[in-house]
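Here is my input, please return the structure:
(one chain, ligands or ions: 2)
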Amino acid sequence: MDLIFNVGGSMAGSGGRQRGPPLFATEKPGRMAMAAYRVSAATVFAGVVLIWLYRATHLPPGGGNGVRRWAWLGMLTAELWFGFYWVLTLSVRWCPVYRRTFKDRLAQSYSEDELPSVDIFVCTADPTAEPPMLVISTVLSVMAYDYLPEKLNIYLSDDAGSVLTFYALCEASEFAKHWIPFCKKYKVEPRSPAAYFAKVASPPDGCGPKEWFTMKELYKDMTDRVNSVVNSGRIPEVPRCHSRGFSQWNENFTSSDHPSIVQILIDGNKQKAVDIDGNALPTLVYMAREKRPREQHHFKAGSLNALIRVSSVISNSPIIMNVDCDMYSNNSESVRDALCFFLDEEQGQDIGFVQYPQNFENVVQNDIYGHPINVVNELDHPCLDGWGGMCYYGTGCFHRREALCGRIYSQEYKEDWTRVAGRTEDANELEEMGRSLVTCTYEHNTIWGIDKGVRYGCPLEDVITGLQIQCRGWRSVYYNPERKGFLGMTPTSLGQILVLYKRWTEGFLQISLSRYSPFLLGHGKIKLGLQMGYSVCGFWAVNSFPTLYYVTIPSICFLNGISLFPEKTSPWFIPFAYVMVAAYSCSLAESLQCGDSAVEWWNAQRMWLIRRITSYLLATIDTFRRILGISESGFNLTVKVADLQALERYKKGMMEFGSFSAMFVILTTVALLNLAYRLCITQINLAI
Ligand SMILES: O=c1ccn([C@@H]2O[C@H](COP(=O)(O)OP(=O)(O)O[C@H]3O[C@H](CO)[C@@H](O)[C@H](O)[C@H]3O)[C@@H](O)[C@H]2O)c(=O)[nH]1
Ligand SMILES: [Mn+2]
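Ligands and ions are numbered 1, 2, ... in the order given. This next block holds a predicted model:
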């Protein structure tokens, strides 16, 4: 794609600090490319209007039993919706922007001492669904960021309060003393040991085989120890590290009923906390907030807010980054990249958060489930960014603490990047203070979860939180570097994928129907294009009924000798054919341009249809049940441990139906109906 280069920032001096060169640049597609897209969109729109006109002017008479008339009106309604929805989707194609950072300039403009400290939050919720080895590999990957260790603080929130996860984290804190210097010395990537040893089979440049094998053995030993403890469920009598922490678990302790635990495993402020080369280590903290059966805990949002408070007494960094435990850092430079945005003197002032895309390492080539990752990452998100408001995804995101904690943007506000917690040196005291901030009752009668921290009460707490931050005047940025910032796992069986989408669709629909809908909350505060951009997902659910109608009623009518489309010879056939051909060719071209293969595009189209008539449909039904008070919302963790046989089938491109689900009944019915329709058409053609 041809890009227009547009650097922000200026060289002029301002205020106390000499204004340096811009730390990031923003690129836009060339004018010709944009104009071509807009012209083709305009012709499709003309086609859509003609279709509406045809439906409106050719309404069948109401005589007889009126079946054709009703079916026709249904088609008109479905097509009105599709047309409207298509107009909404234009917003996520309109003006993409692509960001580029200049880390060398960051280094020139700021000494290491002047750089802000960063708090990193990792969340886990269940040692069975999220094995401790997975969790600590993610933790180690962020501990090993290429950044001053004194300025890195890693917090693990364990919503299960599992002693097994705590044990694994203790092991990780020891292993880090070897792993971090190894990574830094040989510039190893990725820095999750699990991912690294799974991908790399020989020593990095400059590293002798002996050192490499020693490192590998250390990792293997740790894995064996952790897995054996996890399998037996018992902590050895004298765990090698931090015996102090283990005393907090007693017989009465369960995952849903326990007091708060805050344990500083590595205190970066202490001289003792050094790696094997004598360099400082990042601070590492374990936190399990108090849980009581009768108290609401608000799932992941609750744990993020607890982390915000605990970290405020221990490190209080101006930047907060959070990752899910199943998303490791794949790029050791991500912190510096993100800082290029926040620290840009000219354009960084109003940036509230920097979101990295989600990428999945277990998605295979020509993936049968057509994960639309490339188009979303290369086109949809750059467009949201173009409207000034990439959404917050809940993982792989760097926040300005102040913005996350509810501050309204004002031009006068100047961030103090070097501020730290005015903390005491005594770790016991800090832990005690931390524990008191994460009790069940702490948030009662406060604005936590409403106007402060991550929002409560919606399965998509992250999206709504991001929207709220934008409505307070902050801008957000999307950054998609060549070397992916984060890699995670996504479900690879049809049943699980549909359930996941159902959860997201429900969340989006809930937002759209609430007073937090982008059109209400964002009115006058964010751009219309961005409101529309949010609504593309917000209205996923609404697509279900028109789509189900479109894939069933015309076939049923046809089988009964009723036609709902113009004859091939009629001029009205042209807009139908044009809209279909133009829309599909455009989407194919986009997919290819974003790096998909034609097969992947095809698979993605199939999945769109499947999702619309299953996940979206059930999400809509469940949302209305909830509104009527028949069911309650929750947070079902996605599966992270793959069934090996299912994985093999996935790699071979076989669709996995897995367990029984109502969704499959809908799918099969629609498929059979359309098969009958096909057979009927073939017979008619043969007869002719
Ligand atoms: O009570 C809970 C439930 C979940 N989590 C954590 O939340 C994260 C996300 O859960 P996961 O099961 O992996 O959900 P995904 O479907 O993969 O999550 C996607 O969708 C979520 C919103 O539905 C976002 O919060 C996530 O960032 C996004 O990756 C994980 O680290 C969990 O440990 C908690 O900490 N406490
Ligand atoms: Mn996940």
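
Residue 293 and residue 255 touch, don't they?
No - taking contacts as C-beta atoms under 8 Å, residue 293 lies outside contact range of residue 255: 10.8 Å. In this view, the C-beta of every residue, glycine as well, is placed from N, C-alpha and C.

Could I get the contacting residues of the residue of the stretch 1-150 of the chain found nearest ligand 2?
Proximity of the stretch 1-150 of the chain to ligand 2 (C-beta to the ion) peaks at residue 130, 8.8 Å away. Neighbour list for residue 130: 124, 325-326, 637, 640 [criterion: C-beta atoms under 8 Å, 6 or more residues apart in numbering].

Got phi/psi on it?
phi -120, psi 90 (degrees, to the nearest 10).

Quick one: the strands in this structure, in order.
3-7, 24-29, 98-101, 118-124, 152-158, 261-266, 283-288, 319-324, 327-329, 351-355, 397-400, 475-478, 486-488 (DSSP state E).

between those, which gets nearest to residue 580?
Closest to residue 580 of the strands of the chain is strand 24-29 (C-beta to C-beta; 25.8 Å).

where does the stretch 51-200 of the chain have low pLDDT?
Within the stretch 51-200 of the chain, the segments meeting pLDDT under 70 span 64.

The same query, at a cut-off of 80, please.
62-65 (pLDDT under 80).

domain assignment for the protein?
29-93+522-687, 114-358+393-490 (the TED database).

and those as a markdown table, adding distance to residue 504?
Listed next are the domains of the chain as a markdown table, based on distance: least, C-beta to C-beta, whole Å:
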| stretch | distance to residue 504 |
| --- | --- |
| domain 29-93+522-687 | 7 |
| domain 114-358+393-490 | 7 |
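
thinking again about what came up before, which one's more surrounded, residue 293 and residue 255?
It is residue 255, of residue 293 and residue 255, that has more neighbours when counted by other C-beta atoms under 10 Å, with 15 against 8.

my guess is that one contacts residue 160, does it?
Yes - Residue 255 is within contact range of residue 160, at 4.4 Å (criterion: C-beta under 8 Å).

who touches both of the two?
residue 126.

before we move on, the earlier item: out of the domains of the chain, nearest to ligand 1?
Among those, domain 114-358+393-490 comes nearest to ligand 1, with 2.6 Å by C-beta to the nearest ligand atom.

what about that closest one and ligand 1, touching?
Yes - using C-beta under 6 Å from any ligand atom, domain 114-358+393-490 reaches ligand 1 at 123-125, 130, 157, 159, 299-300, 303, 324-326, 393-395, 459-460, 462.

can you count the residues close to residue 142?
Around residue 142 there are 26 residues (other C-beta under 10 Å).

Save the strands of the chain as a markdown table, and put in distance to residue 629 and mean neighbour count too.
Formatted as a markdown table, the strands of the chain follow (distance: least, C-beta to C-beta, whole Å; neighbours: other C-beta atoms under 10 Å):
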| stretch | distance to residue 629 | mean neighbour count |
| --- | --- | --- |
| strand 3-7 | 52 | 12 |
| strand 24-29 | 47 | 19 |
| strand 98-101 | 45 | 19 |
| strand 118-124 | 30 | 27 |
| strand 152-158 | 31 | 28 |
| strand 261-266 | 36 | 24 |
| strand 283-288 | 32 | 27 |
| strand 319-324 | 31 | 26 |
| strand 327-329 | 35 | 28 |
| strand 351-355 | 35 | 27 |
| strand 397-400 | 34 | 26 |
| strand 475-478 | 35 | 24 |
| strand 486-488 | 35 | 23 |
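
Let's have those in a markdown table, adding distance to residue 380.
A markdown table is the format used below for the strands of the chain (distance: least, C-beta to C-beta, whole Å):
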| stretch | distance to residue 380 |
| --- | --- |
| strand 3-7 | 18 |
| strand 24-29 | 14 |
| strand 98-101 | 13 |
| strand 118-124 | 25 |
| strand 152-158 | 30 |
| strand 261-266 | 39 |
| strand 283-288 | 34 |
| strand 319-324 | 21 |
| strand 327-329 | 19 |
| strand 351-355 | 12 |
| strand 397-400 | 17 |
| strand 475-478 | 10 |
| strand 486-488 | 18 |
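
Thanks again, I'm all set now.
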